[in-house]
Structure formats: structure tokens, C-alpha cells
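# sequence plus predicted model, see below.
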Amino acid sequence: MDNMQKERISSPKNTKEIIKKYGFSFKKSLGQNFLIDQNILERIVNAAQLDQSKGALEIGPGIGSLTQSLTQTAGKVVAIELDQRLIPILNDLLKHYDNIEVIHGDVLKLDLRTILEEQFKEQTEISVVANLPYYVTTPIIMALLENQLPIENIVVMIQKEVAERMVASPGGKEYGSLSIAVQYYCEPEMVLTVPHTVFIPQPNVDSAVIRLKLRKKPRVHIEDSEYFFKVVQASFAQRRKTIINNLTSNLFTKDEKQKLISILESCEINPSRRGETLSIEEYARLSNRLREIT
């Protein structure tokens with residue numbers, strides 16, 4: 001096994017041998033799918049634009065396929081794994097590398113700001129790089145963004161459909177509140193699509209790698225971010241409804257409809273438009289105006 005540890009964990013043969021050696025069984029509830037294509041792993045690492053002066057935070061390392069590639073590129077790697085059974089496996093397989101710290105815990109419950117401050121004291125920039133479980137993709141990404149952590153890039157493998165929603169432009173069926181939330185904080189870019197055949201076990205759908213480059217300041221100026229996202233959520237509540245009907249049903253009352261129409265028109269937004277046709281700039285203008293008078 002020592003020789004194998006120095007080889008690529010990600011090869012199909014080595015991955016199967018590791019699973020067998022440690023008697024590991026996959027938990028469906030944790031969305032565990034191990035990547036077995038080294039070329040795709042290298043493209044993920046390259047997309048994060050890492051070097052020895054930078055750090056990488058990995059979420060859900062599994063048996064360390066991506067972790068191994070990260071340790072060879074970044075100055076320091078911190079991997080957070082929820083499944084306690086994988087901690088000794090990771091520590092064993094990655095024992096040849098002195099720039100990796102494995103932490104057991106739930107990334108949604110840990111104090112990430114403190115972890116980043118303590119673990120990356122010598123690194124100039126930090127990127128999050130991960131093959132995220134499908135079931136918890138959006139909560140993790142939104143937690144990273146909303147907490148405004150000191151992160152340069154978020155490069156993640158996620159469900160292709162979710163990635164398409166994150167990069168979507170106004171007017172399409174993929175465009176929604178998730179598109180606006182991500183684009184408010186980041187510049188999203190689709191890196192590559194990934195077939196389901198390069199995982200063990202194989203998921204039912206294809207994946208995509210997306211890079212979210214965090215903005216120095218949000219894309220638009222808004223007076224109250226919480227209120228802005230309330231307006232956005234209300235506007236998409238029922239996609240077939242017009243924006244005036246969605247806002248009246250979900251954020252205001254029918255008695256306020258006429259006032260709402262006037263506000264929309266003052267923002268140069270036709271009340272009969274649907275929510276998915278409005279740009280993030282239009283939503284910013286609308287939420288700032290609504291907040292002034294409500």
C-alpha cells in the first residue's frame with residue numbers, strides 16, 4: 001500500500017483497492033461519489049489558480065483523490081470531512097504530505113472564519129476547492145458567500161443543472177433567485193461538464209465544475225441585503241405569474257397593488273413582466289425603492 005499511496009489515489013484501480021483494504025461502504029445519505037479521473041482533477045485544481053503561496057480549503061475530501069492533487073499545488077490544504085470513518089483513511093493515505101490538515105466536522109456548523117485565520121497564516125489567498133455532495137451544494141455555497149469569508153475563488157464540482165442555474169442570464173428557464181444570489185457576490189464561470197461515468201459509485205446525473213470568483217464588493221449597491229433577497233424570492237415564488245402578482249401575493253397585500261404598480265413604473269419596470277426577465281440591477285433598484293416607502 002505504501003507504493004500505492006505515492007501513486008494516484010484517483011485511478012480506478014487504486015480507488016477500488018483502497019475501498020476494499022479499509023472495508024469502506026458508501027453512505028447514500030452523505031452523497032458520497034469518489035472521482036476517478038485524474039485529468040478532471042487537474043482541471044479542477046488549475047481552475048482554482050493555486051500556487052505555493054496560496055491555500056486551499058477542501059470540503060468533503062472522501063478518500064483524498066482531489067486532496068492529493070491540491071497538496072502538490074497549494075502551499076497548505078485543509079480538508080473538512082463529515083464522515084468520521086474517513087478520517088483515519090485520509091490520515092493514512094496522505095501521510096507522505098506535510099502540508100495537509102484533516103478536520104472532522106460539519107462545514108455548516110464549524111467556525112470557518114476562525115479555521116481560515118488559524119490554518120492559513122502564511123498564505124496570501126485562500127480558495128475553496130471541492131467535489132460537493134449534491135444534497136447540500138446550495139446551503140454550503142450560500143454559507144460561504146453570505147459569511148463573507150476571505151476567499152479568492154470557490155471551485156466546486158456540483159450537479160450540472162445547479163451550475164447552469166448559477167451562471168444563467170435573465171430570460172431563461174434556469175435563471176432564478178439562485179442565479180441572482182450567486183452573481184451578487186461572485187463572477188461565476190462554467191469550467192467543464194463532467195459525465196457521471198467518472199465516479200465510484202456513479203450518480204444518476206452529470207456534474208459540472210464551476211468557478212465562483214468572489215467580487216471585492218457586491219455587483220450592485222443595495223440598502224438592505226436581507227430585504228433585497230426577500231423581494232427576489234417573492235418575485236420568483238410562482239414563475240408563471242407576473243412580478244406585480246407575485247409581489248402582491250408574497251410580500252405585500254392586494255390593497256397595496258396600485259402603489260406597487262407606481263413603484264415598478266418609477267423603476268422603469270413593466271408590472272406585467274415576469275420575475276425571470278429582470279436583471280440583478282433592476283432588482284436592486286426595485287428593492288431600494290420599495291424599502292424607502294415601506
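It's in. Numbering: from 1, shown residues only.

# go through the protein and flag its longest helix.
For the chain, the helix with the greatest residue count under DSSP state H is helix 280-293.

# for that helix, which positions count as buried?
In terms of neighbour count (16 or more other C-beta atoms under 10 Å), helix 280-293 has its buried residues at 280, 282-290. (C-beta placed from N, C-alpha, C; glycine too.)

# for stretch 168-187, same thing?
Buried residues in stretch 168-187, counted by 16+ other C-beta under 10 Å: 168, 170, 174-186.

# export that stretch as PDB, just CAs?
This file holds the C-alpha atoms of stretch 168-187, laid out as PDB (Å, rounded to 0.1, in the frame of the first residue of the first chain):
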ATOM      1  CA  ALA A 168     -27.800  31.800 -16.000                       C
ATOM      2  CA  SER A 169     -28.800  35.200 -17.500                       C
ATOM      3  CA  PRO A 170     -32.200  36.800 -17.300                       C
ATOM      4  CA  GLY A 171     -34.900  35.500 -19.500                       C
ATOM      5  CA  GLY A 172     -34.100  31.800 -19.500                       C
ATOM      6  CA  LYS A 173     -35.700  29.000 -17.500                       C
ATOM      7  CA  GLU A 174     -32.600  28.400 -15.500                       C
ATOM      8  CA  TYR A 175     -32.500  32.000 -14.200                       C
ATOM      9  CA  GLY A 176     -33.800  32.400 -10.700                       C
ATOM     10  CA  SER A 177     -33.100  33.500  -7.200                       C
ATOM     11  CA  LEU A 178     -30.000  31.300  -7.000                       C
ATOM     12  CA  SER A 179     -28.600  33.000 -10.100                       C
ATOM     13  CA  ILE A 180     -29.100  36.400  -8.600                       C
ATOM     14  CA  ALA A 181     -27.700  35.400  -5.200                       C
ATOM     15  CA  VAL A 182     -24.500  33.900  -6.700                       C
ATOM     16  CA  GLN A 183     -24.000  36.700  -9.200                       C
ATOM     17  CA  TYR A 184     -24.500  39.300  -6.400                       C
ATOM     18  CA  TYR A 185     -21.400  38.000  -4.600                       C
ATOM     19  CA  CYS A 186     -19.400  36.400  -7.500                       C
ATOM     20  CA  GLU A 187     -18.400  36.200 -11.100                       C
END
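
# give me the distance from it to the chain's centre.
Relative to the centre of its chain, stretch 168-187 is centred 13 Å away, using C-alpha atoms, centre = their mean, to the nearest Å.

# same check on stretch 130-146?
Its chain's average C-alpha position is 4 Å from that of stretch 130-146, according to C-alpha atoms, centre = their mean.

# straight-line length of that stretch, end to end?
With C-alpha to C-alpha, to the nearest Å as the measure, stretch 130-146 spans 18 Å from end to end.

# where exactly do the strands run in the stretch 151-294 of the chain?
Ranges of strands in the stretch 151-294 of the chain, per DSSP state E, counting those that start in this stretch, are 153-159, 186-194, 199-200, 207-214.

# still on that earlier bit, in TSV, list the buried residues of helix 280-293 along with distance to residue 125 and pLDDT.
Formatted as TSV, the buried residues of helix 280-293 follow (distance: C-beta to C-beta, whole Å; pLDDT from 0 to 100):
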residue	distance to residue 125	pLDDT
280	26	98
282	33	98
283	30	98
284	28	98
285	33	97
286	35	97
287	32	97
288	32	96
289	37	95
290	37	93
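
# buried ones in stretch 195-211?
Across stretch 195-211, burial judged by 16+ other C-beta under 10 Å covers 198-200, 207-211.

# tell me which stretches of the stretch 1-150 of the chain form strands.
Applying DSSP E, counting those that start in this stretch to the stretch 1-150 of the chain gives strands spanning 34-35, 55-59, 76-81, 100-104, 126-131.

# spit out the contact partners of the residue most central in space within the chain.
Centroid-nearest residue in the chain: residue 141, 3.4 Å away (criterion: C-alpha atoms, centre = their mean). Residue 141 makes contact with 132, 154, 156, 158, 182, 212, according to C-beta atoms under 8 Å, 6 or more residues apart in numbering.

# ok, now how distant is it from residue 149?
According to C-beta to C-beta, to the nearest Å, residue 141 and residue 149 sit 12 Å apart.
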